[in-house]
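*Asks:* Quick one: sequence and predicted model below, then my questions.
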Amino acid sequence: MEERDIRPRFRDSGVEWLGEVPAHWGVSRLKFVASTNDDALSEREDPLRPVSYVDISSVDLTRGITHIEEMVFEDAPSRARRLVRDGDTIVSTVRTYLRAIAPITDPSPTMVVSTGFAVIRPRDFDPGFSGWALRAQGFVEEVVARSVGVSYPAINAPEIGNIPVAAPPLDEQRGIAAFLDRETERIDSLIAKKRLLIERLQEYRTALITRTVTRGLPPEAARAAGLDPSPRLKPSGVEWLGDVPEHWDVMPLRRLLSEPLKYGANEAGEHDDPAHPRYVRITDITDSDSLRDETFRSLPPDVAAPYLLEEGDLLLARSGATVGKSFLYRRAWGECAYAGYLIRARCQTQAVESRFVRYFTASDPYWQWLNSAFIQATIQNVSAERYSGLLLPVPPRDEQDAIVFYLDSQTRQIDFLETQVDFAIERLQEYRTALITAAVTGKIDVRDEVSVTPYRVE
């Protein structure tokens, strides 16, 4: 008997991001299958009414709602007004580049979201399907493309309602939603395992650095470097540092410097002349001590002159979210001056290797010291004076070189593994995005609940 071809026929949807859709599917503007912003809190609410508030910054396209802030109505911001219920989807209408879109699943009765969201409530849509359809890449990019404004792009709710979406029969919508629930859960589980692996690699990296800069090289590496593999230890006299090898010194940072610590320039960084010295700010520097091309700013030579960096200079962040981080200047950066929220440490090369100091600032004892050194509880700030008093373990100069050589080799391997895992996560996320788009536009036929081949990243 000849088998009947049950694969769907396709037709042009007339919508670029949807492409071809199954011939029996409809295509409709969102406003015809869903309503927007149906419910809101009154200004006359009980001041003590509990509010579980969700802001734009608390929503992620992949992870959904990541943070809920508990408060009462009288303490809530004026934008805490939109009411939601199970099956809604919230779509950010401001700062749309953040792509803050999330389905609402079994919310608490007190949940309220920002007026910066459009609350989409399905009428002729299956709620599960609409939650996925509104997170499809094409729909998200339409929201971004239709936004107005450069620094603060925004879109109004009626314009979101004008965006076309695919409208399969309800039974297929439910099948697609179930399919994506199942398949994305598997992908998310793989991503979570790989993120856990990155955490473990970072923990191992910190533990390795901490052990080496406070106790010396592991025995095998010490022998290879011609050093004592089992040096006797002595109390450092510093609670957060513990014991150190008996032949090491413990000194304040100021005794290891060729000149006092120096704050950077207090300039706005409005110039972008590539012929002038680059103006390095905290946000320009990556964790791998490279500079971001897209944030380039420069200073006129006469302004930059007192703040020019030399090979081996260490930059210490003194305030804000990056306080305590350190960066090692490299000649590959080109001629650079540094900004006021950074402090420059210029080491005596005969006494200490600046890369050893840099490794110490990645150790656990350093961060324990830092947490006790903040001047203010609300605004984290460590002054040059406090940095000058930082006590460091100081091995003999040749041993510092051996430690730096060893840690360079070991951390390079760890960083390579982390890069590989990051790449695998990126591929999984790309696959997840493509799968959602393919399913909600009918490119995958899930009417018989047939699963796609599991995606593997070795």
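*Replies:* Yep, it's here. These numbers come from a predicted model, not from an experiment. Numbering: from 1, shown residues only.
*Asks:* hey, let's count contacts and neighbours off CA atoms from now on
*Replies:* OK.
*Asks:* can you give me the helices for the stretch 1-150 of the chain?
*Replies:* 127-133, 137-145 (DSSP state H, counting those that start in this stretch).
*Asks:* After the last one, which helix or strand is next? Please name it.
*Replies:* Read that as helix 137-145. For helix 137-145, the following helix or strand on the C-terminal side (DSSP states H and E) is helix 157-161.
*Asks:* In that following helix, which residues are buried?
*Replies:* Buried residues in helix 157-161, counted by 16 or more other C-alpha atoms under 10 Å: 157, 160-161.
*Asks:* what does that helix rub up against?
*Replies:* With contacts defined as C-alpha atoms under 8 Å, 6 or more residues apart in numbering, helix 157-161 is touched by 29-32, 36, 93, 118, 143, 146.
*Asks:* coming back round to it: reformat the helices of the stretch 1-150 of the chain as CSV; add distance to residue 285.
*Replies:* Shown next, in CSV, are the helices of the stretch 1-150 of the chain (distance: least, C-alpha to C-alpha, whole Å):
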stretch, distance to residue 285
helix 127-133, 37
helix 137-145, 28
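*Asks:* so which of the ones you listed is the most packed in?
*Replies:* Mean neighbour count (mean count of other C-alpha atoms under 10 Å) peaks for helix 127-133 among the helices of the stretch 1-150 of the chain, with a mean of 24.
*Asks:* avg pLDDT for that one?
*Replies:* Helix 127-133 carries an average pLDDT of 96.
*Asks:* Stretch 112-123 too?
*Replies:* 96.
*Asks:* what's the span of it, first residue to last?
*Replies:* Using C-alpha to C-alpha, to the nearest Å, one end of stretch 112-123 lies 21 Å from the other.
*Asks:* Buried ones in that stretch, by neighbour count?
*Replies:* Those would be 112-122, for stretch 112-123 by 16+ other C-alpha under 10 Å.
*Asks:* next helix or strand past the helix or strand containing residue 234?
*Replies:* Applying DSSP H and E as the criterion places residue 234 in strand 233-235. Using DSSP H and E, the next helix or strand after strand 233-235 towards the C-terminus is strand 243-245.
*Asks:* Neighbouring strands of that following strand in the sheet, and parallel or not?
*Replies:* According to DSSP bridges, strand 243-245 forms sheet pairs with strand 233-235 (antiparallel).
*Asks:* quick one: contacts for residue 365?
*Replies:* Residue 365 sits next to 210, 240-241 when contact means C-alpha under 8 Å, 6+ apart.
*Asks:* ok, back up a step: just the buried ones out of the contacts of helix 157-161, please.
*Replies:* Buried among these by 16+ other C-alpha under 10 Å: 30-31, 36, 93, 118, 143, 146.
*Asks:* Among these, which pair sits farthest apart?
*Replies:* The two members of these with the most space between them (C-alpha to C-alpha) are 36 and 146, at 17.3 Å.
*Asks:* Nearest to residue 233 among the contacts of helix 157-161?
*Replies:* Using C-alpha to C-alpha, residue 93 is the member of the contacts of helix 157-161 that lies nearest residue 233, at 60.9 Å.
*Asks:* Where does pLDDT dip in the stretch 301-450 of the chain?
*Replies:* 373-379, 448-450 (pLDDT under 70).
*Asks:* where along it do the helices fall?
*Replies:* 301-304, 354-360, 364-371, 384-388, 397-440.
*Asks:* Okay, buried residues for stretch 189-203 please.
*Replies:* Within stretch 189-203, the residues that count as buried by 16+ other C-alpha under 10 Å are 190-191, 194-195, 197-198, 201-202.
*Asks:* So which of those residues belong to helices?
*Replies:* 190-191, 194-195, 197-198, 201-202 (DSSP state H).
*Asks:* and of those, the nearest to residue 65?
*Replies:* residue 191 (17.6 Å).
*Asks:* wait, doesn't the closest one sit right on residue 425?
*Replies:* Yes - judged on C-alpha atoms under 8 Å, residue 191 makes contact with residue 425 at a distance of 5.8 Å.
*Asks:* Would you map the strands across the stretch 201-350 of the chain?
*Replies:* Counting by DSSP state E, counting those that start in this stretch, the stretch 201-350 of the chain has these strands, from start to end: 233-235, 243-245, 249-252, 262-263, 278-280, 314-317, 326-328, 336-338, 342-345.
*Asks:* and the first one, how far from the chain's centre?
*Replies:* Going back to what we said before, that points to strand 233-235. Strand 233-235 has its C-alpha centroid displaced from the chain centroid by 40 Å (C-alpha atoms, centre = their mean, to the nearest Å).
*Asks:* which other residues reach it?
*Replies:* Residues outside strand 233-235 that contact it (C-alpha under 8 Å, 6+ apart): 242-246.
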